[in-house]
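In: quick check, what structure comes out for this input:
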Amino acid sequence: MNTISIELRIKMFWFHSWTLQLGKRSSTLLQRLFCEVASNLPVLTLFTKKPCPLCDEAKAMLEPYKHKFVFQEVDITLPDHLIWYERYKNDIPVFHLNGQFLMKHHVDLEKLENQLLNIELQDGDKR
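Out: Model prediction:
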């Protein structure tokens, strides 16, 4: 082996180790960032817990719109999400769009459509 391939392997190992550690600490954030960059779509976050029949209904209502946003779920009962549990334990389902509160208790399709359209128009103005 030559020196370049050893150096390259060391750098690749370091990068792989670094990304694994970062991924373990903030896998949800990384998924969101990669999804946003890859798709350039808004992110709709559902704050939920198991079981949540209202959340299941809400997800079914959102199915026809899934091509308009990146969907992510946050289980508020997980230890890393204690702040969300304290905030939303009696209000799920709760939705945020691009990190901003959007709606709770049920899906308001008109509100969602309006906010998605506003984001699309804002993105169009930036181009």
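
In: which residues touch the helix or strand hosting residue 83?
Out: Residue 83 belongs to helix 82-88 when assigned by DSSP states H and E. Under the contact criterion Cβ atoms under 8 Å, 6 or more residues apart in numbering, helix 82-88 has outside partners 47, 49, 74, 76-77, 94, 104. From N, CA and C alone the C-beta is placed, and that goes for glycine too.

In: report the two of those residues separated the most.
Out: Spatial extent of the contacts of helix 82-88 (Cβ to Cβ) is set by the pair 77 and 104 at 17.0 Å.

In: looking at those two, which one has more neighbours?
Out: residue 104 (17 against 13; other Cβ atoms under 10 Å).

In: okay, the more buried one and residue 122: tell me how far apart.
Out: Residue 104 sits 24 Å away from residue 122, going by Cβ to Cβ, to the nearest Å.

In: same check on residue 113?
Out: Residue 113 is 15 Å from residue 122, by Cβ to Cβ.

In: neighbour count for these two, which is higher?
Out: For residue 113 versus residue 122, neighbours defined as other Cβ under 10 Å are more numerous around residue 113 (12 against 9).

In: three-state assignment of the more buried one?
Out: Classification of residue 113 by DSSP: H, G, I helix; E, B strand; the rest coil places it in helix.

In: distance check, it against residue 66.
Out: For residue 113, the distance to residue 66 equals 14 Å [Cβ to Cβ].

In: what's the distance between residue 89 and residue 69?
Out: Distance of residue 89 to residue 69, given as Cβ to Cβ: 25 Å.

In: no wait, residue 82
Out: Taking Cβ to Cβ as the measure, residue 82 falls 26 Å from residue 69.

In: these two: which has the busier surroundings?
Out: Comparing residue 82 with residue 69 by other Cβ under 10 Å, the one with more neighbours is residue 69, at 21 against 11.

In: ok, and the closest non-adjacent residue to that one?
Out: residue 44 (4.3 Å; Cβ to Cβ, 6 or more residues apart in numbering).

In: in this structure, which ranges drop under the pLDDT threshold?
Out: 1-39, 125-127 (pLDDT under 70).

In: show me the strands in it, by range?
Out: Ranges of strands within the chain are 43-48, 70-75, 94-97, 100-104, based on DSSP state E.
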